[in-house]
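J.: Provide a 3D model corresponding to the input given below.
(chains A and B)
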Amino acid sequence: MRWWPLLLVLAACSGEPRNAAPAYRLEPVVAPAQARHPLTLPLAAADTGAAADTGAAADTARSELLEQVLGALGERDERLKTLARKDAEQLPPAEIAALREVLQDAAESDSRRGAAAEALGASPLPEAELALLEFLPDLRTPAWLRAVVIFQWGRRAKNLYLGKAILRLKYEPDDEAVIWLADALSRHGSRAGLDGLEVLMQRARTEELRALAAERWQAIRSETGSPSATPDAPPASERVAEAWWWIGKLADWDLRQVDDARFVLQRLPDWVVPLLCECLHDSNVYTRVHAAQTLARMGARARPAGAALLEALAERQLAPTAAEALGMLGDAGVRPALERCLNAGGDPDLAVAAAMALGSLGDASALPALRAIAAPPDLVFATQLARVRLGDGLAVAPALLQALEGNGHDPEAAATALGEWMRQGARKEQWQALLHDSARGIESAEQAAVRRIAQARLVREELGL
Amino acid sequence: MQASIRIFAGLLVSTVAALALYQVFQPPEAPAQARQFTSSQECAQCHAEPFREWQDSWHSRSWTDPDVRALSNDFANTDCIDCHAPRPVFETGLANRVLPRAARRAEGVDCIACHQLPDGGMAGTFDRPDAPCRPQARRELAQVEFCAPCHDQHKTVTQWRASRYAAQGIGCIDCHMPYRNGDPNQGRDHTMHGGHDIELVRKAVALRAQRSSGAVEVEIENVGAGHHFPTDERSRAADVFWRPKGETAWRWLYRFRSPYRHEVELTDTLLPAHATHTLRIEDENAGGALEVALFYKLTPYWKTPAAPDPEAEAKLVHRVELLP
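T.: Down below sits the predicted model:
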């Protein structure tokens, strides 16, 4: 009987700790969302650039009206073309299939293929939009025809599949087609093509195309304003459905498909951020991790995801990617949380990711926490890389020099960090001259070793060693 | 006297019985203290030989190899990171993709990536709960599905599944991770011989040439690779060249390679397992003595595409000479 108080104490101490953090919520997110937001038309599972059916005989029945439309759109008479476009608006889905065949059939004349693209552009049917978009991945088709198809897609009054068009920015090799792609996307509220135009303003193959890129860039900027100045309109339900379709690909086996999905999603308007935040709780780990990577790529645009990413630091598999993403968002308010992760203890991945994220964040207030890390060596190296970005380059350059010369840490990461520091010093031009020119082909192991020796010599000079 | 003998005998029997009972019911050997391994360097203390082999392997260089860095645009193509610096295969499970690692990327595909178990122990050949790394016998290490998370990203395992080797039960490790000195008691070689081992490449493919109907007929047969030749689509290439005997410059004839998505003018020409590809040299200079050679390239591009120099930029796999 004397033992009963002790038994009571033991019973009180057993069970769940009262202050234990709630478990991170994991549940199916994507599949239910896709069920709630069905696509108007099914999209092809893969966008591999596989050959379109270029040589297929057109066996779909073509009506007299369709032939008249194609004929008229191939004429120079604008009055006739206007009438033909009005007729094209009335074409039923079966005729859209016939137009698709004409567009894809390499045996058809250029004039008829161009006319088919224009007729598809005039049709309000989603089947017509898909026919135009499905033509684009086959890069063996004439570039001028792809440019026409893109232009016609942009002219359509309503388009459902913005992401399919955005993906072409990743693969389209023709400068002119990219310019019209940026223009077409802007007509449908997307500024995704602006980056490509900025590149083409410098590097397009002709002066004329460089001028056209500059003119379109200026026009899009003036029409849509800066990304931060113009709030995005609420998305149409079809756009949301397509976004969930792309999100579903984040769990694809093929990493190229995953990267395509990340490419598209990061370029969708800001309304995609809450959707990606939901995905941080999906029961599929690949969806969670790749959603966080997408938010990271969005950078400051994804700042509303900060709270969700901070919460995600509690999920072991997601935490390192969430930390990296927090760094990329650029919100200095997350610094204390990242600093706590430096001492994560059990997970070296999270600690290293947090160190790198503090460097990306660019807030020099993190320097004391980074300087305080003394072990393990890999984490120390990560803090050194981060410290360069926060203005502490002189202090860590000797250690990075050792890594560059081969002490087991990543020599190329050291070279990149030292490059950031050297570019602020007196020898920046000499450093620049040492960098491998990719135009000379792939750098061999021997060339890389020689380059790093020369880089190390230059760093020693800079340090006065 | 008899009483003392009986007492002594009784004590002896009791002692033996107590010892026997202790042996039967003694508590199990205490497991080693769980230890968090954070670097492959820590494995070297006990596993010096496999560690040394791994250091020589291209697994250990998967992050630092200049070819990889160039082809991945210095890992700006972030989808390459997952397999070139992976978290443990067992974390996500066999035949599932690995997740990317943030720490120790310079160690590439390290010991931990293949051996670390989610509970903190290590996958190995034997159960040893008393060892610091608490190894557990896990047969999955020998399964093709164990390699698939990374090596099927470039379709190698899919190619193997379509080959006769799959039906015969000949898997990845039979060729790429043989027993040391052919002795199962010595364990498997962690050097992971592959495309960088030209002797292994030579066993994979045969090159034949003969004159036929006024031309030279060249045959390349995939005789030993359990997957396409070359595998690792896109990044690798094998080229057939020929030249009249006495000339120094090689003449390009054919390339085995799977192109990148943007290389729309090219088609996939990888040579499947067991398949033979036949080429013909119909050239007025091919009537005399000539050489035909197969070269292997770890990166797909030539420095001067119009005049490739295979002897400088590729590895010679086979060369045959043909008399006039």
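
J.: residues of the stretch 101-250 of chain A that sit close to chain B?
T.: Counting by Cβ under 8 Å from any Cβ of the partner chain, the residues of the stretch 101-250 of chain A lying close to chain B are A:138-140, A:171, A:173. Glycine gets a C-beta too; all of them are placed from N, C-alpha and C.

J.: again, only this time at 6 Å
T.: Residues of the stretch 101-250 of chain A found near chain B (Cβ under 6 Å from any Cβ of the partner chain) are A:139-140.

J.: check the closest residue to residue B:246 other than its chain neighbours and give its pLDDT.
T.: Distances taken as Cβ to Cβ, 6 or more residues apart in numbering or on different chains place residue B:289 nearest to residue B:246, at 7.8 Å, with adjacent residues excluded. The model reports residue B:289 with a pLDDT of 95.

J.: residue B:289 against residue B:247, yeah?
T.: No. Counting by Cβ atoms under 6 Å, residue B:289 sits too far from residue B:247 to count as a contact (10.5 Å).

J.: quick one: contacts for the residue of the stretch 1-150 of chain A found nearest chain B?
T.: Nearest residue of the stretch 1-150 of chain A to chain B (Cβ to the nearest Cβ) works out as residue A:139 at 4.1 Å. Listed by Cβ atoms under 6 Å, 6 or more residues apart in numbering or on different chains, the contact set of residue A:139 reads residue B:264.

J.: repeat that for 8 Å
T.: A:49, A:146, A:171-173, B:262, B:264 (Cβ atoms under 8 Å, 6 or more residues apart in numbering or on different chains).

J.: ranking the residues you listed by neighbours, who comes first?
T.: residue A:146 (25 neighbours; other Cβ atoms under 10 Å in any protein chain shown).

J.: what's the closest non-adjacent residue to residue B:95?
T.: Closest to residue B:95 by Cβ to Cβ, 6+ apart is residue B:145, at 4.3 Å.

J.: can you pull the contacts of the one you found?
T.: Here residue B:145 is in contact with B:94-95, B:157 (Cβ under 8 Å, 6+ apart).

J.: where in the chain is pLDDT low?
T.: You didn't say which chain, so I picked chain A. Residues of chain A that meet the criterion pLDDT under 70 lie in A:1-21, A:45-62, A:224-233, A:439-440.

J.: please go with chain B instead
T.: Residue ranges of chain B with pLDDT under 70: B:1-2, B:23-35, B:233.

J.: please repeat the previous calculation with a cut-off of 50.
T.: Residue ranges of chain B with pLDDT under 50: none are present.

J.: up against chain A, what does it have?
T.: B:36, B:38-39, B:41, B:63-67, B:69-71, B:74, B:77-80, B:82, B:87, B:91-92, B:97, B:99-106, B:153, B:261-262, B:264-265, B:299, B:301, B:303.

J.: buried subset of the residues you listed?
T.: Buried members of the residues of chain B next to chain A, counted by 16 or more other Cβ atoms under 10 Å in any protein chain shown: B:38-39, B:41, B:63-67, B:69-71, B:74, B:78-80, B:82, B:87, B:91-92, B:97, B:99-106, B:153, B:264, B:299.

J.: element containing the residue in the stretch 151-300 of chain B positioned nearest to chain A?
T.: Going by Cβ to the nearest Cβ, chain A is nearest to residue B:264 of the stretch 151-300 of chain B, at 4.1 Å. Here residue B:264 sits in a region with no helix or strand, counting by DSSP states H and E.

J.: helix or strand: which one has the closest residue to it other than its chain neighbours?
T.: Leaving aside its chain neighbours, residue B:264 sits nearest to residue A:139 (4.1 Å; criterion: Cβ to Cβ, 6+ apart). For residue A:139, there is no helix or strand it lies in under DSSP H and E.

J.: so residue B:253: helix, strand or coil?
T.: Three-state call for residue B:253 (DSSP: H, G, I helix; E, B strand; the rest coil): strand.

J.: give the contact list for it.
T.: B:218, B:239-242, B:279, B:281, B:292.

J.: give me the neighbour count for the nearest residue to residue B:58 once chain neighbours are set aside.
T.: Distances taken as Cβ to Cβ, 6+ apart place residue B:196 nearest to residue B:58, at 5.5 Å, with adjacent residues excluded. Counted with other Cβ under 10 Å, the neighbours of residue B:196 add up to 17.

J.: is it true that residue B:196 touches residue B:296?
T.: No. Residue B:196 lies out of contact with residue B:296 (Cβ atoms under 8 Å); the separation is 9.8 Å.

J.: one step back: the residue nearest to residue B:246: how many residues sit nearby?
T.: 12.

J.: test my guess that it contacts residue B:244.
T.: Yes. At 7.1 Å, residue B:289 counts as touching residue B:244 under the criterion of Cβ under 8 Å.
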